[in-house]
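K.L.:
Model the following, please.
(chains A, B and C)
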Amino acid sequence: MDGNVYIPIAVLAALGFGFAAFSVVTGALTGPKRYNRAKLDAYECGIEPTPQPVGGGRVSVKYYTIAMLFIIFDIEIIFLYPWAVTFDSFGISILVEMALFIVTVFVPLIYVWRRGGLDWDH
Amino acid sequence: MIRLAASETLIPAPNIEYYELSPILIVFGVGVLAVLVEAFLPRAHRLHAQLALCLTGLVAAFVVVCTLTDEAQENARAVPQKVAAEGAVAIDGMTLFLQGTILLLGVVAVLLLAERRLGGEFAASAATVPGSAAEKETTRLGWVQTEIYPLLMFSIGGMLIFPAANDLLLMFVALEVLSLPLYLLCGLARRRRLLSQEAALKYFLLGAFSSAFFLYGIALLYGYAGSVRLSDINAAVSGSEDNDALLLIGMALLAVGLLFKVGAVPFHAWTPDVYQGAPTPVTAFMAAATKVAAFGALLRVFYVGLGGAKWDWHPMFWGVAMVTMLFGSLVALVQTDVKRMLAYSSIAHAGFILVGLVATNAEGLSATMFYLLAYGFSTIAAFAIISLVRDGSGEATHLSQWAGLGRRSPVVAGMFALLLLAFAGIPLTSGFTAKFAVFSASASAGGTPLIVVGVLSSTVAAFFYIRVIVLMFFSAPVTDGPRVAVPSLTTALAVWIGVAVTVFLGVLPQPVLDLADNASFLIS
Amino acid sequence: MSSSVSGDLILADADGTHLAQFGHDVWWIMLIKVVVIFAFLMVFTLFTIIFERRAVSWMQQRVGPNRVGPQGSLQSLADGVKLMLKEDIVPKAADKAIFVIAPVISATGAFLAFAVIPIGPEVSIFGERTVLQVTDTPVAVLFILASSSAAIYGIVLAGWSSGSTYPLLGGLRSTAQMISYELAMSLSFVAVFLYAGSMSTSEIVAAQEDLWYGIALLPSFVVYLIAMVGETNRPPFDLPEAEGELVGGFHTEYSSIKFALFFLGEYIALITVSALAVTLFLGGWMAPWPLGGPIWPGANENWFPVLWFLGKLLTLVFVFIWLRGTLPRMRYDQFMALGWKILIPVSIGWILLVATIQALRNEGYEVRNIVLVAAGVLAALLLVTWVWEVVRAKPPEDEPVAEAVEFDPFAGGYPVPPMPGQVPVLVSTPVSTPVSFSTSGQHRVEMVERGDTDA
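P.N.:
Residues are numbered from 1 along each chain as shown, chains lettered A, B, ... in the order given. Model (predicted):
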């Protein structure tokens, strides 16, 4: 197997990107242009838009918790995939090792869970 | 279905020596259990459960380390020697000696962390904004951030691997595992929280920077030797005569990463701020245990992995050792804060320990290990005493506040004086034995200039240690000065252990010196 | 990828459909396949939109679009053309470059994943033998995951670059939602890889010749079905675009063709996750049970499999539409709790169970005994969870216990729904109480509501 299994993917990507870029460019050209100050304001159902804090402002810490947990578990899953694919080539030891690993990774989830890190309603 | 016949293409599982690795595994296991304790036990019971769990774990790990040492000696070998976990971990004399030291220091640190009578050193809830209503509320409710115990255990676990790692990648992982909890712990002080958080951030940023250096060094050495295993690197270094740029730069970068952890000049800048800002028990632990682990790693990398390139790194370490000793001693002279003074003194001591390291012989190794043990216990006790001297707003760390302390509380001040004398290297304290061992090892390896600088800076250092003693005993007490608080049993125990070890190693050092001699063996 | 890397493990099967078949097409065959997939996705998107609108209106007993083309079948095409001709607004506060790039990323990423979906076996096109699949790699499923998460960037960047409150909130929500459900989704694949011994899509399809994984690994399939709805922001999990709360979510500020590109990206994502479900759990292009075997041996050869594939795909797309027609939108906290507290733990437990059974089977134990033991383990697990629930029934002492607060839905001047643990008290209201000519609570509530709408 050589590198060219990825060539079709690259061609498809180019096709998709070309289509999207073409649409955006022509869309900007074909549409009408009628300037209107209110139209260019941020949309907030008709009321004056809330001033945006400089630099994007602060984001609730819950999103960070989710992001960190995501990274932990995503890395766990990355380990699970090759483990699953080659599972049959190992003896029972690989099961024990992975069980230990999963349990260890699960401990922080339990901790966050018990401490309310997964509750969005308070 | 695509299925391979399981028996035909079985890949052999890696061989893990669980028994030899069990000190590390026990400590990490206890850390994980401690997280579960945090998750499941109600707040009221957590502290005691954590204490019991951590102390049991550390003692159990220490017992295993002792048995490992014993067994090896029964097998008619002077030292245990085994490369575990497919060659990634070296279980040799130095590993066991330093692991034992770290575990004992860990026990003392847990005792310090457990102090409750003085109102605790740690923030009631680390997540609250300093000065906020939430902070007051959690303080009023008497909350304790008991997460410090699992964090401490993970840090100790990393420290156990750090000097044992026979593989640079594992060493890097250990470095991160020991550092990350420390960064957090530094930011958890109960009083002067902003200062503490600033210290944590500084430590984190500089630590991350030095980790990057370390990692880059690994990459370059891998490029040079084609392996991250220390023995392979050694083989590559010994096999070739010419100086490869990859080797030299990689070596230097590796040294930067490790010397940062040790706190040697010119990578010392974080030490005073972090020591001052961090909660005092954490400072004590850092000053003692991190040094042990980092010097262990330094010894292993440069003795085992880069021993063949000794003439390339030797001059650099000479220079670093000299500058560190002089700088630490001189700058400590002008300090007005006790914690900062001890921070600079710890920099100077890093220099003294480096003198043992550059001897590059068995005596040097054994002297370095002995020094680490002696200094670790003295420094942990010294910081513990600092945490006892308090006024209305918490610890009184300004030197002027210590005036006349000896008249009010002669016992505590006496113990502190003893520890300072040990730092200065006065006979009949552990500091003298340690310095003597280091200097004599250096002398046998032709390091006379180093010894001259070392003795000079010892003299300078003695001046400011004795100045504190004079201040405590011979000047008039300040009005409204700090009192020595009566601590809970755990802190008292920690102080007594530290002082006892300091005296014991000064009066009867021979058994421990023998132990260090026996252990001065590295698997290459 | 060199052959030494892919190793003997992956190429060791004797079924004939292994990875060595890919990467050897003549360039024009490859080009035809790529263009056909691209066109298929475009047309199928247009079809799905009209299909959805018609099906939902059928479920809601209304007519739906029926003006443009026969039975309204050209409606979505007309909508597309209309969007193309609309004014393209870039808000003043927007970060211009990123604002423009975001929909492009979203649409481009969406196309990619379909490249590794197997649509049929080896056929002959103009005399060339080729497999009905654009390409395949040893890590094909990983590639699908990667390209579908690339689409998340489009959404995050769109929300962030709009310089407006609603899109920012929508973007954040949708990121948190997608990464949460991506975990559950990725975990549901593990059991499939374990059984198939491969991550290549064509080999996974080949491995399902005897039994579809949707049946053999039912819990994985269920988790995947839930996760795929969450991953595509479709009802009942369409919180990022919850129009009652966030107007349009991340695409509030988008108009004209840029909006259409997001729309396109979302529908392609819907088609892709359905196709992935077909591939991993429903036997791919294999004919459904009674057809494939001795009844009609030709069912799995030549071009017929495309039929089975499309049939399965359409069924799943209909399930999506059905869900939208039936279920109300979930609340955000319930939704995240479902992902983190149910789907992920269940998936991990299931993986361990499957792996244990597999390991025991490899060791040569009887399947019947394994099943018995597995049932025992399951029972034990249930017991443990029951005990856990009993223990948990007491609120944890950490959290300041929220006393049953008297909740006034009209406190802020407009009605808000109660949070968990709050009991709405309808009687006390700050709204100026009308003359109390009525004493029954029923009437008072009515008055209040009327007062509110008037204000």
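
K.L.:
what about residue 119, which SS state?
P.N.:
The chain I'm using is chain A. Recorded secondary structure, residue A:119: coil (DSSP: H, G, I helix; E, B strand; the rest coil).

K.L.:
Sorry, I should have been clearer: chain B.
P.N.:
Per three-state DSSP, residue B:119 ends up coil.

K.L.:
Go ahead and confirm it touches residue B:190.
P.N.:
Yes - here residue B:119 lies in contact with residue B:190, judged by CB atoms under 8 Å, at a distance of 7.1 Å. In short, each C-beta sits where N, CA and C put it, glycine included.

K.L.:
between the two, which one's more packed in?
P.N.:
Using other CB atoms under 10 Å in any protein chain shown, the more surrounded residue of residue B:119 and residue B:190 is residue B:190, with 19 against 15.

K.L.:
Can you list the low-confidence ranges for the stretch 251-400 of chain C?
P.N.:
The stretch 251-400 of chain C contains residues with pLDDT under 70 at C:292-293, C:392-400.

K.L.:
Buried by neighbour count: which residues of stretch C:255-270 qualify?
P.N.:
Residues of stretch C:255-270 classed as buried by neighbour count (16 or more other CB atoms under 10 Å in any protein chain shown): C:255-270.

K.L.:
Can it be said to contact chain A?
P.N.:
Yes - interface with chain A: stretch C:255-270 contributes C:256-258, C:260-261 (CB under 8 Å from any CB of the partner chain).

K.L.:
so can I have a markdown table of the residues you listed showing secondary structure and distance to residue B:233?
P.N.:
Output for these, formatted as a markdown table (DSSP: H, G, I helix; E, B strand; the rest coil; distance: CB to CB, whole Å):
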| residue | secondary structure | distance to residue B:233 |
| --- | --- | --- |
| C:256 | helix | 61 |
| C:257 | helix | 59 |
| C:258 | helix | 55 |
| C:260 | helix | 59 |
| C:261 | helix | 53 |
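
K.L.:
Nearest to chain A among the buried residues of stretch C:255-270?
P.N.:
The closest of the buried residues of stretch C:255-270 to chain A turns out to be residue C:257 (CB to the nearest CB; 3.1 Å).

K.L.:
Could you check how far that closest one is from residue A:25?
P.N.:
9 Å (CB to CB, to the nearest Å).

K.L.:
So which of the residues of stretch C:255-270 next to chain A is the closest to residue C:388?
P.N.:
Using CB to CB, residue C:261 is the member of these that lies nearest residue C:388, at 46.3 Å.

K.L.:
So that closest one sits against residue A:24, correct?
P.N.:
Yes - if you go by CB under 8 Å, residue C:261 and residue A:24 touch, sitting 7.2 Å apart.

K.L.:
list residues touching both of the two?
P.N.:
C:103-104 (CB atoms under 8 Å, 6 or more residues apart in numbering or on different chains).

K.L.:
the strands in chain A, which residues?
P.N.:
Counting by DSSP state E, chain A has no strands at all.

K.L.:
near chain B, which residues of it show up?
P.N.:
Remark: the part of chain A in contact with chain B comprises A:86, A:88-91, A:93-94, A:97, A:104, A:107-108, A:110-111, A:113-115, using CB under 8 Å from any CB.

K.L.:
Now whichever residue of the stretch 251-400 of chain B sits closest to chain A: which helix or strand?
P.N.:
Closest contact between the stretch 251-400 of chain B and chain A, by CB to the nearest CB, is at residue B:282 (21.3 Å). Using DSSP states H and E, residue B:282 sits in helix B:280-285.

K.L.:
right, and the helix or strand after that helix?
P.N.:
Criterion used, DSSP H and E; the element after helix B:280-285 is helix B:291-299.
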